[in-house]
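**Q** Structure here, sequence nowhere to be found:
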């Protein structure tokens with residue numbers, strides 16, 4: 001049998017995705033040198049939200065476990081970074097793995113008892129976690145560490161090695177590099193044997209169990225990995241904003257991450273970037289249109305987006321790509 005000289009990665013669709021990815025990366029690298037610092041700050045936050053949404057997507061989009069409590073893991077990551085930097089002068093880049101590991105352990109431990117819950121019951125249990133987290137952070141026993149309602153203020157890092165970048169530009173590139181690394185890690189995980197097992201559980205847990213997959217273990221591990229991504233995002237958010245406080249991590253943030261997941265595309269890695277942009281910019285756009293009716297304007301925009309893109313931005317991109325491929329064929 002003759003071997004096909006072209007691998008699956010050489011298909012026109014894959015080449016188009018590769019060229020599009022390279023173009024986006026090139027634009028992202030150039031952007032901080034042509035826009036103002038405040039927009040750089042906003043774009044950095046959008047990438048932070050994209051990482052958090054990616055963590056939620058691994059759990060919900062690829063494993064089928066619904067969570068409305070990822071704001072709690074975002075808060076754990078943020079406070080881990082802030083406490084390490086404020087109390088022990090730990091370098092900001094070392095706080096990221098520490099925050100990720102702390103959230104991974106927390107997520108795995110929370111995932112174990114949550115194995116008995118599915119669907120809306122799991123969503124409700126995680127929602128209770130999101131509601132409780134700000135109150136726990138304000139509690140008196142933790143106040144010496146968390147600062148209570150006053151929160152913690154940290155110093156924004158400067159660019160290392162004498163690089164000709166201001167703090168906003170450096171954090172933008174730092175976050176961009178981390179975003180690309182985490183995206184690549186998520187893609188490798190999804191395309192691996194472990195990823196196939198995770199998705200098999202989402203599609204049919206009974207069939208997956210009959211094939212020898214340890215459903216309970218994979219669900220708990222997925223919860224942990226998901227929390228790891230969200231915790232790293234929380235730590236990055238604390239470093240970028242320079243401040244953490246309990247009221248920054250209410251259930252509104254949890255709902256926002258879920259909205260970003262749906263708008264970007266459930267089960268899409270690249271779509272989470274669009275979700276991050278939506279979570280950050282659309283509320284600001286709604287407030288700019290009408291400060292008194294910002295919530296109503298936001299709701300209308302969300303309804304229009306869901307109506308026009310029922311499969312999210314990723315689904316729309318796939319549809320456009322398919323139509324273009326048919327025209328060229």
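**A** Ah, there it is. All values reported here derive from a predicted model rather than from experimental measurement.
**Q** Nearest the middle, which residue of this protein would you pick?
**A** The residue lying closest to the centre of the chain (C-alpha atoms, centre = their mean) is residue 52, at 2.0 Å.
**Q** Report the rounded mean pLDDT for the one helix or strand residue 71 maps to.
**A** In the assignment (DSSP states H and E), residue 71 maps to helix 70-88. For helix 70-88, the mean pLDDT works out to 97.
**Q** Following element in sequence after it, please.
**A** Heading C-terminal from helix 70-88, the first helix or strand you meet, by DSSP H and E, is helix 92-111.
**Q** Contacts for that next one next, please.
**A** 73, 76-78, 80-81, 84-85, 90, 129, 157, 174, 178, 219-232, 234-236, 239 (C-beta atoms under 8 Å, 6 or more residues apart in numbering). All C-beta atoms are positioned from the backbone trio N, CA, C, and that covers glycine.
**Q** could you give the angle of it to helix 70-88?
**A** Note on geometry: by axes from the mean of the first three to the mean of the last three C-alpha atoms, to 10 degrees, helix 92-111 and helix 70-88 are set 140 degrees apart in direction.
**Q** returning to that earlier point: just how off-centre is the helix holding residue 71 within its chain?
**A** Computed by C-alpha atoms, centre = their mean, to the nearest Å, the chain-centroid distance of helix 70-88 equals 16 Å.
**Q** for that helix, packing partners?
**A** helix 37-60, helix 92-111, helix 120-138, helix 143-146, strand 152-153, helix 215-241, strand 243-244, helix 251-264 (3 or more C-beta pairs under 8 Å, 6 or more residues apart in numbering; DSSP states H and E).
**Q** How many neighbouring residues does residue 116 have?
**A** Look at residue 116: counted by other C-beta atoms under 10 Å, it has 10 neighbours.
**Q** Against residue 293, how distant is it?
**A** Look at residue 116 and residue 293: by C-beta to C-beta, to the nearest Å, they are 42 Å apart.
**Q** For PyMOL, what selects the buried ones among the contacts of helix 92-111?
**A** Restricted to buried positions by 16 or more other C-beta atoms under 10 Å, the PyMOL selection for these reads:
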select buried, resi 73+76+77+78+80+81+84+85+129+157+174+178+219+220+221+222+223+224+225+226+227+228+229+230+231+232+234+235+236+239
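**Q** what comes into contact with stretch 288-297?
**A** 283, 285-287.
**Q** Just the buried subset of those, written out for ChimeraX, thanks.
**A** To isolate in ChimeraX the members of the contacts of stretch 288-297 that are buried, counting by 16+ other C-beta under 10 Å, one can use:
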select :283,286
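**Q** Can you tell me which of the contacts of stretch 288-297 lies closest to residue 215?
**A** If you rank the contacts of stretch 288-297 by distance to residue 215 using C-beta to C-beta, residue 283 comes first, at 37.8 Å.
**Q** Can you tell me the closest non-neighbouring residue to residue 117?
**A** Leaving aside its chain neighbours, residue 117 sits nearest to residue 125 (5.5 Å; criterion: C-beta to C-beta, 6 or more residues apart in numbering).
**Q** residue contacts, the one you found?
**A** Neighbouring residues of residue 125 by C-beta under 8 Å, 6+ apart: 69, 114, 117.
**Q** Highest neighbour count among those residues?
**A** residue 69 leads the contacts of residue 125 on contacts (other C-beta under 10 Å) with 29 neighbours.
**Q** State the distance from that residue to residue 114.
**A** Plainly put, residue 69 is 10 Å away from residue 114 if you go by C-beta to C-beta.
**Q** For the contacts of residue 125, please prepare CSV with the additional fields distance to residue 94.
**A** Listed next are the contacts of residue 125 as CSV, based on distance: C-beta to C-beta, whole Å:
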residue, distance to residue 94
69, 27
114, 30
117, 35
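**Q** from the residues you listed, which single one is nearest residue 144?
**A** For these, the residue nearest residue 144 by C-beta to C-beta is residue 69; the value is 25.6 Å.
**Q** Report the separation between the nearest residue to the closest one once chain neighbours are set aside and residue 72.
**A** Of all residues not flanking residue 69 in the chain, residue 126 sits nearest, at 3.2 Å (C-beta to C-beta, 6+ apart). In this view, residue 126 and residue 72 are 8 Å apart by C-beta to C-beta.
**Q** Find the residues that touch each one of the two.
**A** Counting by C-beta under 8 Å, 6+ apart, the contacts common to residue 126 and residue 72 are residue 254.
**Q** who's more crowded, these two?
**A** For residue 126 versus residue 72, the count of surrounding residues by other C-beta under 10 Å is larger for residue 72: 33 against 25.
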